[in-house]
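Undergrad: with the sequence up front, the predicted model follows.
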Amino acid sequence: VNSPIVEDFLNLLNNFLERDTKPQSGKDLPAWLPPVVLVLDELLRVRDLPKHTKLTGPGPGNDAMDLGEDGSQTGGPLVEVTSPLVRQGERVMAIIIKLLLLPLSPSALQAVMQMCARLTRDHTRALQFMHKDGIYRLLSIPHESSFPFQTVLTGVILRHMVEDPATLQASMEGEIRSCMTQASQG
């Protein structure tokens, strides 16, 4: 079930983006824009925890689970987890991409980039951002919109696009091995 406040914030942002008159500079943006984006980001962060789980397998009314020859499950999922961010991510990313087309104030840009960094942790959203010219938009932000640590957020977003799940897993395994080796030696 979607949160009414998240829906209200998304509708507010959509209505703002669909107006006929577009802001000419970051100073023309409504004062509510950065706080709304930050609150939405926080709501989605908190709501990113799994809210819906579904277990299937042996039990009353369920058949025994079938496993393939290699031990993999051949039936439905043993555990199915759904997150609100996964369900709403595409819509939120579309809003983020539209916001990046506008001349943003530094505070608005920081809020938008922070939410973008959260969304691009999901590789599907990172690819969506990339295919919608997100890299170009990210790298062509005017200097007057810049804020401290912008390069850090830009790097995080770019890294999310470059690292596919297999690369990320290999990198994490290497880090874990390195930490375990250092811990056993020291």
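TA: Great, that's in hand. Numbering: from 1, shown residues only.
Undergrad: quick one: list the elements packing against the helix or strand hosting residue 41.
TA: Taking DSSP states H and E as the criterion, residue 41 maps to helix 33-47. Applying 3 or more Cβ pairs under 8 Å, 6 or more residues apart in numbering; DSSP states H and E, one finds that helix 33-47 contacts helix 4-17, helix 84-99, helix 106-119. In short, each C-beta sits where N, CA and C put it, glycine included.
Undergrad: contacts for the last one?
TA: Going back to what we said before, that points to helix 106-119. 26, 29, 33-35, 37-38, 40-41, 44-45, 48, 85, 89, 92-93, 96, 99-100, 104, 125, 129, 134, 138, 141, 145-147, 150, 153-154, 156-157, 160 (Cβ atoms under 8 Å, 6 or more residues apart in numbering).
Undergrad: 7 Å - rerun?
TA: For helix 106-119, contacts defined as Cβ atoms under 7 Å, 6 or more residues apart in numbering pick out 26, 29, 33-34, 37-38, 40-41, 44-45, 89, 92-93, 96, 99-100, 104, 125, 129, 141, 145-147, 153, 156-157.
Undergrad: please pick the buried ones from those.
TA: With burial judged by 16 or more other Cβ atoms under 10 Å, the buried subset of the contacts of helix 106-119 is 26, 29, 33-34, 37-38, 40-41, 44, 89, 92-93, 96, 99-100, 104, 125, 129, 141, 145, 147, 153, 156-157.
Undergrad: tell me where the model's unsure across the protein.
TA: Filtered on pLDDT under 70, the chain yields the residue ranges 1-2, 46-87, 186.
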